[in-house]
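K.L.:
one predicted model, sequence on top.
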Amino acid sequence: MAKRVFAWILLVGFLLLIVNIMTVQYLLGPSVMVYIAVVVLFVFKNKPLPGRNKESEKAGQSDRENT
């Protein structure tokens, strides 16, 4: 439950950050730096889901093509 609350707080904060960058532009430099940091962390910390790799997708496609 705590992880969900934390995720919602991060989502709302990220949306407010995007609104600030696009409209309000209050402290634009630090806001853009925070945005870049969040994007970089998301890209490097995002783990692929189990069973969702390219090899299993290729095997699934070849199975469908043979039928």
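P.N.:
That came through fine.

K.L.:
need the three-state assignment for the spatially most central residue of the chain.
P.N.:
In the chain, the centroid-proximal residue (Cα atoms, centre = their mean) is residue 42; its distance is 5.0 Å. What DSSP: H, G, I helix; E, B strand; the rest coil gives for residue 42 is helix.

K.L.:
residue 34 now?
P.N.:
Residue 34 falls in the helix class when you classify it by three-state DSSP.

K.L.:
any idea how far the helix or strand hosting residue 10 is from the chain center?
P.N.:
Per DSSP states H and E: residue 10 is located in helix 2-19. Computed by Cα atoms, centre = their mean, to the nearest Å, the chain-centroid distance of helix 2-19 equals 12 Å.

K.L.:
what residues does that helix touch?
P.N.:
31, 34, 35, 38 (Cβ atoms under 8 Å, 6 or more residues apart in numbering). The C-beta positions use only the backbone N, C-alpha and C, and glycine is treated the same way.

K.L.:
switch to 10 Å and redo it
P.N.:
Helix 2-19 is contacted by residues 24, 31, 32, 34, 35, 38, 39, 42 when judged by Cβ atoms under 10 Å, 6 or more residues apart in numbering.
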